[in-house]
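K.L.:
Sequence and predicted structure, then a few things I'm wondering about:
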Amino acid sequence: MDTTDGPLVPPQHRRVVLGFKDAEDLDAPDLPTESLPLNMGPSHPAMHGTVRMVLEVEGEKISSADIQIGYLHRCFEKESEAATWTQVFPYTDRLNYISPMLNNVGYALAVEKLMGIADDIPERALFIRVIVGEVSRITDHLTCLGAGAMELGAFTVFLYALKAREWLFELLEEVCGARLTSTYLRIGGVHFDLPPEFGPKLLDILARTRVVMSDIGKLLERNRIFRDRMDGIGIITKEDALAYGITGPVGRSTGLPYDVRKDHPYLVYDRFDFDVPVGSVGDNFDRYAVRVEEVNQSMRILEQALATIPAGPFMINNPRVALPPKSETYNSIEAMIAHFKIIMDGIHVPPGEVYSYTEAGNGELGFYIVSDGSGRPWKCRVRPPCLPAVAVLTKVLPGLFIADVVPTFGMMNMIGGECDR
Amino acid sequence: MTTTGTPPTTPSTPPSELVTVTIDGKTQQFPKGTVLLEACNQMGAGVPFFCYHPGLTSPAVCRQCLVDVKGQPKPVPSCYTPVADKMEVMTKSPRALDVRRQMLEFTLVNHPIDCPICDKAGECLLQKHYFDWDAKLARNDGIKVKKAKVVDIGPRIVLDEERCILCTRCIRVCDEVAKTHQLEMADRGDREVLTTAPGHKLDNPYSLNTVDVCPVGALTSKDFRFAMRAWELFTTPSICPGCATGCNVEVHHSRGKIQRLIPRQNDQVNEHWMCDEGRLTYKRVHAERLAAPLSAGAPVDWDKALDDAGRVLRAALDAGAAGVGVVMNAQSTNEDLYALTRLTFDHLGLGKAYLAGLDQGWSDDILVSADKNPNTAGAMAIGAGRLRTLLDLANDLKSGALHTLLVVGTHGVIGKDGAAGALPLDRLTTLVVIGTHRDEVTAAAKVALPLAEWAESDGTFTNRLGMVQRVRAAVPPAGDSLPGWEILSHLARKLGATMELTDAKAVFAEAKQKLPFMKDAEWGRPLLPVQLRFAGSRG
């Protein structure tokens, strides 16, 4: 290499990027560096649910980040247009697939709002929806916390978190028959009543989960490796959060106290006493801490809901919405026809459009639905809460180290099924 | 003339004879004589009915269309009541809703729990009206009256007496459309059944219309019975290829297979009806098709087949164009015929062209035409006097005036009596066939190219009234077959003729410019097949 005519590499690319205090400490102070494109994903263990990041790195430091989503696009919205209103429920399970009940809730409320039957839903169904929803929120946060810690090497935390998640999934399995593909809600109520002994079982699980949460806290919060990648890393300002439309734990970590359950109460959330935790810095640790606290708040809601859940029907009393009892279906032509019409033609939703939003695991999950009066949605658009949080990464990642990408991305909790739909 | 518009359902009367009617608070003028039921439903009231049919007379037996009319002591059957001036009608008064609900409950008392096995499920009026207007669970748990479930009432139809709701539509279809009284009601009350006279069958040539008008699954077509769930079918509007009448039909199909044809309303052609024979014309689309090009009897790909066809035809033309003839077919669409006449007369300058088609058959003065080809009128108009008959073809073959023949469409080229000797194709040195089926003509061909059937290609037919009606592709072409105009376009290129046809619509537009009889024809807007389950919603 001929260096007599001056450096080959332009001076601005000769910055020293490793963690040394002083360039003079290096053995080869004039070692030239150049900008390098680095692909992370789509097949990368830390790229939850396949996302591709094209990073421009200078040494270990990121100069720009291009986040490419869509690898898990399943045409949810278009598929919904060919399904009856009830057949959309299984599709919603696969949106945020670690808290499927919350997606069920969001979709059911949207359709009920459009049909104008929101006030006719039996109270017990509303409580059941809150209960399964909050259980799902805990599973959602446990997954995010556990996986986030694992990606920093804390495998024990992952196992602890998943152990608690498994208790809850097994409980949900008792409710609806599936850990993940729940399809538990129906327009007008829920498919089954809660199983016997559900309350005591849930309370027992919550007590054990509290222990797990305390263990996780002890393992992580004074752990240098963890704190180094959490404190002050990936800071999102309040202004950015507003500009990008970030909601949920990520939005609250920046100090915005927006929680749909508090600000626009739905179901019976206004009857429960719970707090909305907010962060102050908007860094990874705030997002961690907000999620930990939300798990505690969800447990509070669950305890109150279990104490006050009324007895009664769990499905709306409307023969054009609710399926007749099976004994009637098999033994009378009237119920047979009603069953046939609801299953084959679908529930008829009056023409119109609606935007309905609920607080899902990652924030405001919105359904914008248009009906043409037939048995299937004319349009079913989802506002995925983790999409803005992924979008902001383009702004947050530059300036961080490659090693920061994994925890920062992890704490955004992008779920491919929900983001890509 | 085209058939895209839906004709009015009420007879047109001079505007002076309008009467003013108030229906559910909305006032509107209707021509005098309009049936109140039609008036209500034009206003969007959606009054239910079983026995009424717009193409038939009204006996008012089902009592499902009862509405309240101000000044009348009892609810009136709207299908039987003409509108009158200053009439005030309440279709949704509590009393009207209640009597209609009671009628439904009454109708359902003895109805069997058959929906899961009933062919009509999904397009059943009883299901629709119960769900729209009642939707209450049964109050009656008595034992239902048992009747015969499988009555072989005719060669094409099976009757289920339990499902029958005694609306008498089928009786009136036979009386008023087929003009033969073959069905009758017997017995009374809950033992009343539909039946034929002893020793007689429901066998008139329009009998399958009774299946269409049956509001429930009492009368089912033997052809369609248990073939397919109705709501899973997709529908494509088209034209029946069975005769020169050109009845408007809906092709019901699923997964590339046609399941049935049902009539589509067109008051200028077939009103609401079609004949039984026409309904079975779809069978030929899926029977014994020529699926791949054949060269010397062996299946080859299109490139090779077109090369071979071009080569033998070119050699024949060089040997003497006067001995080369073309056989067109009255089963082909106007577009295929137009492409073929252009190739024959304009590009190749041939003098000998013949028109083939299925043999004449029976006819009546209701719908069935003796000419069993859907497009004879179009072929004659496009041929403009240059087409000769099959008899001329036979004579030319026998006299040795022809050494080469290009046949496009083989239907009826060899007559029904199979008189192959009458058409001595073996006298030819070269026979190139573009055909739909594996038959004697394609078997004798040097090169045979697979042609799409009527339900597989877009185009138009000209019926006996000169109406140019649109045929739509409902199912994908069998095997490798292609529409006629496309094959001819490829073949023309091989023969050195510049006839670049890009799509059926472009051929239609070109033909429309050149041919006076297609001057007013319309192609219509593109349609995607609509699944019957959602047919009411969009499409």
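P.N.:
Now that the structure is in, tell me what you want to look at. Numbering: from 1, shown residues only, chains lettered A, B, ... in the order given.
K.L.:
Only C-alpha atoms from now on, for both contacts and neighbour counts.
P.N.:
Will do.
K.L.:
Kindly list the main-chain dihedrals of the residue nearest the centre of chain B?
P.N.:
The C-alpha lying nearest the average C-alpha coordinate of chain B belongs to B:V249 (C-alpha atoms, centre = their mean; 2.6 Å). Backbone geometry at B:V249, expressed as degrees, to the nearest 10, gives phi -130, psi 160.
K.L.:
next one: the one 4 residues further on
P.N.:
Backbone dihedrals for B:H253, given as degrees, to the nearest 10, come out at phi -140, psi 160.
K.L.:
Which residue is the nearest non-sequential neighbour of whatever residue of chain A ends up closest to chain B?
P.N.:
The nearest approach of chain A to chain B comes at A:I333, 4.8 Å away (C-alpha to the nearest C-alpha). Closest residue in space to A:I333, ignoring its immediate chain neighbours: B:I113 at 4.8 Å, by C-alpha to C-alpha, 6 or more residues apart in numbering or on different chains.
K.L.:
hang on, the one you found in a strand?
P.N.:
No. Counting by DSSP: H, G, I helix; E, B strand; the rest coil, B:I113 is located in no strand; its state is coil.
K.L.:
Can you give me every residue that contacts it?
P.N.:
A:330-333, A:336 (C-alpha atoms under 8 Å, 6 or more residues apart in numbering or on different chains).
K.L.:
Buried ones among these?
P.N.:
Applying 16 or more other C-alpha atoms under 10 Å in any protein chain shown to these, the neighbour count classes A:332-333, A:336 as buried.
K.L.:
got these as JSON lines, with distance to B:Q531, pLDDT and secondary structure columns?
P.N.:
Shown next, in JSON lines, are these (distance: C-alpha to C-alpha, whole Å; pLDDT from 0 to 100; DSSP: H, G, I helix; E, B strand; the rest coil):
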{"residue": "A:S332", "distance to B:Q531": "28", "pLDDT": "89", "secondary structure": "coil"}
{"residue": "A:I333", "distance to B:Q531": "25", "pLDDT": "90", "secondary structure": "helix"}
{"residue": "A:M336", "distance to B:Q531": "23", "pLDDT": "92", "secondary structure": "helix"}
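K.L.:
how about CSV for the contacts of B:I113, with distance to A:D273 added?
P.N.:
Formatted as CSV, those follow (distance: C-alpha to C-alpha, whole Å):
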residue, distance to A:D273
A:Y330, 45
A:N331, 47
A:S332, 47
A:I333, 48
A:M336, 44
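K.L.:
Go through those and say which is closest to B:S207.
P.N.:
A:I333 (28.6 Å; C-alpha to C-alpha).
K.L.:
Quick check, the closest one in contact with B:F106.
P.N.:
No. In this structure, A:I333 is not within contact of B:F106 by C-alpha atoms under 8 Å, at 12.0 Å.
K.L.:
Number of residues surrounding B:G400?
P.N.:
A count of nearby residues for B:G400, using other C-alpha atoms under 10 Å in any protein chain shown, gives 12.
K.L.:
Who are the contact partners of the residue nearest to A:F76 when sequence neighbours are not counted?
P.N.:
The shortest distance from A:F76 to any non-neighbouring residue, by C-alpha to C-alpha, 6+ apart, is to A:R421 (5.4 Å). A:R421 sits next to A:72-77, A:95, A:382 when contact means C-alpha under 8 Å, 6+ apart.
K.L.:
May I have the phi/psi pair for the residue in the stretch 101-250 of chain B that chain A sits nearest to?
P.N.:
Nearest residue of the stretch 101-250 of chain B to chain A: B:I113, at 4.8 Å (C-alpha to the nearest C-alpha). Backbone torsions for B:I113, taken as degrees, to the nearest 10, come to phi -90, psi 70.
K.L.:
Give me the pLDDT value at it.
P.N.:
We have a pLDDT of 90 for B:I113.
K.L.:
give the contact list for A:T181.
P.N.:
A:T181 neighbours (C-alpha under 8 Å, 6+ apart): A:90, A:93-94, A:97, A:100.
K.L.:
So, low pLDDT: which residues of the chain?
P.N.:
Because you didn't say which chain, this covers chain A. A:1-33, A:49 (pLDDT under 70).
K.L.:
sorry, should have said chain B
P.N.:
B:1-16, B:415-422, B:534-539.
K.L.:
now the strands for the stretch 151-300 of chain A?
P.N.:
A:185-186, A:189-190 (DSSP state E, counting those that start in this stretch).
K.L.:
Same question for the stretch 151-300 of chain B.
P.N.:
Under DSSP E, counting those that start in this stretch, the stretch 151-300 of chain B gives strands at B:151-154, B:157-159, B:183-186, B:193-196, B:219-221, B:234-239, B:248-254, B:257-263, B:294-295, B:298-299.
K.L.:
got those strands as JSON lines, with distance to chain A columns?
P.N.:
Listed next are the strands of the stretch 151-300 of chain B as JSON lines, based on distance: least, C-alpha to the nearest C-alpha, whole Å:
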{"stretch": "strand B:151-154", "distance to chain A": "22"}
{"stretch": "strand B:157-159", "distance to chain A": "19"}
{"stretch": "strand B:183-186", "distance to chain A": "24"}
{"stretch": "strand B:193-196", "distance to chain A": "20"}
{"stretch": "strand B:219-221", "distance to chain A": "19"}
{"stretch": "strand B:234-239", "distance to chain A": "13"}
{"stretch": "strand B:248-254", "distance to chain A": "16"}
{"stretch": "strand B:257-263", "distance to chain A": "20"}
{"stretch": "strand B:294-295", "distance to chain A": "41"}
{"stretch": "strand B:298-299", "distance to chain A": "40"}
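K.L.:
Out of these, which is closest to B:L313?
P.N.:
strand B:294-295 (13.1 Å).
K.L.:
Show me what the closest one packs onto, helices and strands only.
P.N.:
helix B:302-320, strand B:447-450 (3 or more C-alpha pairs under 8 Å, 6 or more residues apart in numbering or on different chains; DSSP states H and E).
K.L.:
Let me know which of these is tucked in deepest.
P.N.:
Comparing these by mean neighbour count (mean count of other C-alpha atoms under 10 Å in any protein chain shown), strand B:447-450 ranks first with a mean of 31.
K.L.:
Pull the CA coordinates from that strand and hand them back as CSV.
P.N.:
Only the C-alpha atoms of strand B:447-450 are listed here, as CSV (Å, rounded to 0.1, in the frame of the first residue of the first chain):
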residue,chain,number,x,y,z
VAL,B,447,-52.8,-32.2,-37.0
ALA,B,448,-55.5,-31.6,-34.3
LEU,B,449,-55.4,-28.5,-32.1
PRO,B,450,-57.4,-28.4,-28.9
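K.L.:
can you list the residues that contact the helix or strand just after it?
P.N.:
Following strand B:447-450 in sequence order, the next helix or strand is strand B:459-462 (DSSP states H and E). For strand B:459-462, contacts defined as C-alpha under 8 Å, 6+ apart pick out B:239, B:246, B:332-335, B:374-378, B:468-472, B:504-505, B:508.
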